[in-house]
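Asker: following is a predicted model, sequence given first.
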Amino acid sequence: MLLGMAQLFSKNGLSIPVMLTEQINDTSDYPDVVEFLQPVKLEGTLKNENETFVFEAKGNTEVNLRCDRCLAPVRKELCFEIKERFAHTGRGNEETETFSGDQIDLADFVRRGILCALPMKVLCSDHCKGLCPVCGKNLNEGVCECDTTYIDPRFESLRTLFNVDEEV
């Protein structure tokens, strides 16, 4: 996603609207995203403030994620903001990103915005029952016959002392 800067050079105070759209097909940089269902859209402004270029934009897209409990696909709309300051190489300070030429590649800033907008936990519903830990069946689709009683091996010797299987 490239942002052209040439029309702002030497025009202090000028601000231009920016609208960019790009379809992302490679999800390898987005570990939780299965696929992008909508192109990434950015809408904002780019302003020249004494040869420091201020870019402020809001972005959105729609992605397909996996439920953390049952692995079912979950559609999620992601909204994020980008607020960055850019300066030519050699003119920047610690808070300013640098660039050379007359274009800025926004790919890293978009990637960072999307990663920050991803939810910490994805659930298909609040009542998702997840997968059976023994057979892997989706428990939202029905009950399985697996014995899911788990006894911590550290307490297995206590079980023999109390003889749990015997009725009292």
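Answerer: Right, received. Where do you want to start? Numbers count the residues shown, from 1 in each chain.
Asker: residues contacting C144?
Answerer: Going by Cβ atoms under 8 Å, 6 or more residues apart in numbering, C144 touches 132, 134-135, 137. (Each C-beta comes from the backbone N, C-alpha and C, glycine too.)
Asker: what is the most widely separated pair among these?
Answerer: Greatest spacing in the contacts of C144, by Cβ to Cβ: V134 and K137 (8.7 Å).
Asker: on that earlier part again, and of the contacts of C144, the nearest to D147?
Answerer: Nearest to D147 among those: V134, at 7.3 Å, using Cβ to Cβ.
Asker: count residues in the vicinity of the closest one, would you?
Answerer: 12 (other Cβ atoms under 10 Å).
Asker: residues of the lengthiest helix in the chain that come out buried?
Answerer: Ranked by residue count and defined by DSSP state H, the top helix of the chain is helix 107-117. Of all the residues in helix 107-117, those buried under the rule 16 or more other Cβ atoms under 10 Å are 109-110, 113-114, 117.
Asker: in the chain, which spans are strands?
Answerer: Along the chain, counting by DSSP state E, strands occupy 2-4, 15-22, 33-36, 40-49, 52-66, 73-88, 97-99, 103-105.
Asker: take those and lay them out in TSV including mean neighbour count and mean pLDDT.
Answerer: Putting the strands of the chain into TSV (neighbours: other Cβ atoms under 10 Å; pLDDT from 0 to 100) gives the following:
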stretch	mean neighbour count	mean pLDDT
strand 2-4	14	87
strand 15-22	13	94
strand 33-36	17	94
strand 40-49	18	95
strand 52-66	19	95
strand 73-88	16	94
strand 97-99	15	87
strand 103-105	15	90
